[in-house]
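Participant: no sequence on this one, just coordinates:
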């Protein structure tokens with residue numbers, strides 16, 4: 001018998017129908033599924049708005065300090081299921097829709113993934129925004145409302161094809177235009193006055209040659225149990241003169257729209273390729289556009305409610321998510337000095353006490369250093385401010401007795417590489433806190449990229465290990481597992497993820513292990529169905545699902561995984577008498593459009609898949625699939641179905657990783673290096689419940705320094721040599737035998753990412769995985785230990801640490 005609808009269900013149903021008729025404009029008998037989707041979002045949004053306004057009122061009444069999180073990416077994924085869950089209205093909405101013969105899951109699947117990010121950086125920002133709201137911390141997230149985002153990944157003949165994302169094709173029912181929050185953003189032009197003076201007697205005026213308007217679009221971000229709602233504010237760009245009518249009427253129809261196109265280009269694509277000067281300029285324009293709009297908005301709000309800009313650090317905490325918004329240091333200085341009349345040194349003190357910087361990478365190319373002529377041409381006033389800051393920083397360094405080499409490394413201007421503005425150094429100098437995102441990463445910051453700045457400011461670097469929101473990455477994506485866990489230990493873990501530790505006393509319980517295994521298999525069956533639909537490849541849910549899904553990059557070493565797959569393929573064919581563990585190797589991830597080797601690795605994965613999957617000699621013992629267009633929604637399907645999590649980056653090169661946390665939280669075992677947060681995961685789950693292999697970061701550095709010869713390693717390993725030879729000689733690319741010759745030659749010549757150096761250890765570790773899998777009781781106990789002991793990796797814990805140690809808001 002169907003249950004009687006609750007009063008709340010009846011209320012939601014009435015609102016749903018009202019919205020469908022009066023805001024969507026459809027009668028329920030004529031409405032299509034997409035109409036119901038829009039009505040569902042808008043009716044839920046009405047519930048959210050009341051909480052949103054209440055949160056804002058409380059912030060003003062309490063004069064609370066706000067957090068402002070600046071990020072070029074926010075990979076938020078779909079919002080409907082998240083908001084329903086956090087508002088506690090999933091069951092009521094489900095019942096209301098069922099009354100009209102509709103399935104909530106089908107409606108949720110209509111929502112496109114917001115194309116606002118690419119990988120871990122953007123997903124972390126989204127987790128942080130949700131945790132800020134869940135901890136009742138007033139906050140704004142600031143970013144760009146990308147029209148087409150990164151790209152939609154297609155696979156054609158095994159190659160990645162970049163296609164435009166069209167997530168806004170039918171509008172976005174979650175967002176609100178805030179036309180009153182609009183700011184002019186300048187580029188180029190000239191500066192009149194003394195660039196280092198801020199007193200009113202020597203006022204500096206920047207006269208930009210070009211301006212665009214940044215206009216705000218807001219999306220509410222709901223915290224757990226709906227107690228608090230924060231704001232994600234994204235900027236869109238408008239031309240001040242959308243059409244030059246004189247040019248249009250003179251016949252230059254395209255030229256008449258040039259200014260409109262220039263503005264539009266700022267918000268079209270995330271990370272436009274910067275291999276050309278035009279691409280570099282667009283990247284810098286894009287970063288300054290969103291940073292300037294955000295800083296102007298923050299200062300405007302502060303002055304409106306508090307009056308004096310000198311008190312900004314008491315009411316605002318600005319966090320820079322990686323190096324992209326580093327120009328915020330110079331922009332805030334410009335506003336304080338040029339518009340609000342502060343002395344330079346006073347403005348510098350206000351700026352430093354307001355801004356904090358999170359570093360996410362040790363890769364030099366990701367730290368951003370702009371050609372000085374480009375920076376000065378686009379942002380002439382900011383160039384003056386950078387020089388003025390640099391003079392103060394270098395004087396401090398000289399007073400501290402640092403030598404010329406250290407001073408050159410500290411300088412905001414790189415004089416060795418064609419003169420470039422070092423944005424990471426600017427962020428470090430202009431922040432009161434500089435944090436890494438895992439313990440190892442933070443220590444390496446002190447000894448590598450920021451070694452000399454650390455000597456100058458020894459108290460500035462601190463660690464804040466990343467975390468993930470358990471709402472999306474457990475409760476919403478793995479409802480079956482949550483149900484089993486609630487039966488086993490109660491529901492306290494829903495509010496405090498560290499209460500998952502209560503599972504430890506039940507880790508060896510055979511019945512619990514069987515129930516969790518049943519959920520895992522159901523998730524694998526669902527994923528197998530999805531993989532078949534996306535790739536045409538049938539996979540066995542009873543096989544070990546061995547998963548590596550992340551951005552394609554050489555340091556993440558998808559290539560190591562693929563070479564080991566080839567070695568395993570060879571061994572299965574050579575030794576059919578052995579009792580091999582059936583495996584499905586699942587890959588997914590996007591390669592940057594201009595990253596040749598990464599795109600070649602995707603092609604290699606598909607070439608290997610084509611050969612292995614059609615070879616009857618391996619039967620059902622090995623399958624390889626590359627799942628296209630990896631995004632948040634796909635991750636929500638793959639992660640709960642994974643048995644083995646591949647976290648195999650070159651030690652010392654992954655800042656943290658968050659996929660490792662999500663997989664462990666959902667009961668996958670990790671095979672990984674001592675890199676990023678793997679180290680801390682190992683500390684929490686125990687050495688016996690994770691499989692670690694390979695060189696340490698220190699050993700990698702020593703090998704590179706001491707003349708590592710990879711050729712000797714390759715020729716000394718039978719399995720490695722045979723696999724590399726097969727790939728290089730065209731066994732997997734008969735249509736183009738030389739396709740992978742250069743890729744394999746790179747391993748022989750330099751092997752910068754230590755693929756050959758770690759191969760034998762990795763291959764051995766994988767056979768160890770086979771042995772654990774063969775003892776399913778042991779595997780299940782280890783899976784439970786992982787679930788039980790990674791509650792610490794909640795983004796609630798991470799945000800709590802930021803709030804106490806950096807922002808001063810708890």
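Facilitator: Yep, it's here. These numbers come from a predicted model, not from an experiment.

Participant: Identify all contacting residues around stretch 700-719.
Facilitator: By C-beta atoms under 8 Å, 6 or more residues apart in numbering, the residues outside stretch 700-719 that reach it are 567, 570-571, 650-652, 695, 720-721, 724, 747-752, 754, 756-757, 759-760, 763. Using the backbone N, CA and C atoms, a C-beta is placed for each residue, glycine as well.

Participant: Buried ones among those residues?
Facilitator: 567, 571, 650-652, 695, 720-721, 724, 747-748, 751-752, 754, 756-757, 759-760, 763 (16 or more other C-beta atoms under 10 Å).

Participant: which ones among the residues you listed are found in helices?
Facilitator: 567, 571, 720, 721, 724, 747, 748, 756, 757, 759, 760, 763 (DSSP state H).

Participant: Let's have those residues in CSV, adding pLDDT.
Facilitator: Compiled in CSV, these are given as follows (pLDDT from 0 to 100):
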residue, pLDDT
567, 98
571, 97
720, 98
721, 98
724, 98
747, 98
748, 97
756, 98
757, 98
759, 98
760, 98
763, 98
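
Participant: Pick out the most distant pair among these.
Facilitator: 571 and 748 (22.5 Å; C-beta to C-beta).

Participant: Surely residue 23 is within a helix?
Facilitator: Yes. Using DSSP: H, G, I helix; E, B strand; the rest coil, the assignment for residue 23 is a helix.

Participant: Number of residues surrounding it?
Facilitator: By the measure other C-beta atoms under 10 Å, the count of residues near residue 23 is 14.

Participant: how far away is it from residue 751?
Facilitator: 60 Å (C-beta to C-beta, to the nearest Å).

Participant: Repeat that for residue 457.
Facilitator: 36 Å.

Participant: before we move on, what about residue 442?
Facilitator: 27 Å.

Participant: ok, now residue 532?
Facilitator: Counting by C-beta to C-beta, the gap from residue 532 to residue 751 is 37 Å.

Participant: any idea how far the residue of the chain positioned farthest from its centre lies from residue 332?
Facilitator: Using C-alpha atoms, centre = their mean, the residue of the chain lying farthest from its centre is residue 250. It sits 47.1 Å away. Distance, residue 250 to residue 332, using C-beta to C-beta: 43 Å.

Participant: Kindly report the same for residue 530.
Facilitator: In terms of C-beta to C-beta, residue 530 sits 46 Å off from residue 332.

Participant: For the two, indicate the residue with more neighbours.
Facilitator: The neighbour comparison of residue 530 against residue 332 (other C-beta under 10 Å) goes to residue 332, with 28 against 15.

Participant: On the three-state scheme, the more buried one is what?
Facilitator: Per three-state DSSP, residue 332 ends up helix.

Participant: Please look at it and residue 297 and confirm they touch.
Facilitator: No. Residue 332 is not in contact with residue 297 according to C-beta atoms under 8 Å; the separation is 11.9 Å.

Participant: can you give me how far the helix or strand bottoming out on mean pLDDT in the chain is from the chain middle?
Facilitator: Using mean pLDDT, DSSP states H and E, helix 245-249 stands out as the lowest-scoring helix or strand of the chain, at a mean of 87. Between the mean C-alpha location of helix 245-249 and the chain-wide mean there is a distance of 44 Å, by C-alpha atoms, centre = their mean, to the nearest Å.

Participant: what does it contact?
Facilitator: 255, 256, 257.

Participant: switch the cut-off to 10 Å
Facilitator: 252, 253, 254, 255, 256, 257, 258 (C-beta atoms under 10 Å, 6 or more residues apart in numbering).

Participant: Could you list the low-pLDDT ranges of the protein?
Facilitator: 1-3, 194-202 (pLDDT under 70).

Participant: what about residue 301, is that helix, strand or coil?
Facilitator: Per three-state DSSP, residue 301 ends up helix.

Participant: should've said residue 290
Facilitator: helix.

Participant: ok, now how distant is it from residue 73?
Facilitator: 11 Å.

Participant: who touches both of these two?
Facilitator: Joint contacts of residue 290 and residue 73 (C-beta under 10 Å, 6+ apart) are 143, 144, 324.

Participant: between these, which is closest to residue 548?
Facilitator: residue 324 (26.3 Å).

Participant: tell me the contacts of that closest one?
Facilitator: 70-73, 121, 143, 271, 283, 286-287, 290-291, 360, 366, 368, 423, 427.

Participant: Equivalent analysis for residue 381, please.
Facilitator: Taking C-beta under 10 Å, 6+ apart, one finds 186, 189-193, 195, 204-208, 330-331, 333-334, 337-338 in contact with residue 381.

Participant: and those, which are buried?
Facilitator: Counted by 16+ other C-beta under 10 Å, the contacts of residue 381 give 186, 189, 191, 195, 204, 206, 208, 330-331, 333-334, 337-338 as buried.

Participant: Turn the residues you listed into TSV, columns for distance to residue 30.
Facilitator: Putting the buried ones among the contacts of residue 381 into TSV (distance: C-beta to C-beta, whole Å) gives the following:
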residue	distance to residue 30
186	50
189	55
191	61
195	64
204	62
206	56
208	52
330	56
331	51
333	58
334	55
337	60
338	58
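
Participant: My read is that residue 6 contacts residue 91, right?
Facilitator: Yes. At 8.6 Å, residue 6 counts as touching residue 91 under the criterion of C-beta atoms under 10 Å.

Participant: Next up, the contacts around residue 278.
Facilitator: Counted by C-beta under 10 Å, 6+ apart, residue 278 has contacts residue 272.

Participant: and the gap between it and residue 591?
Facilitator: 21 Å.
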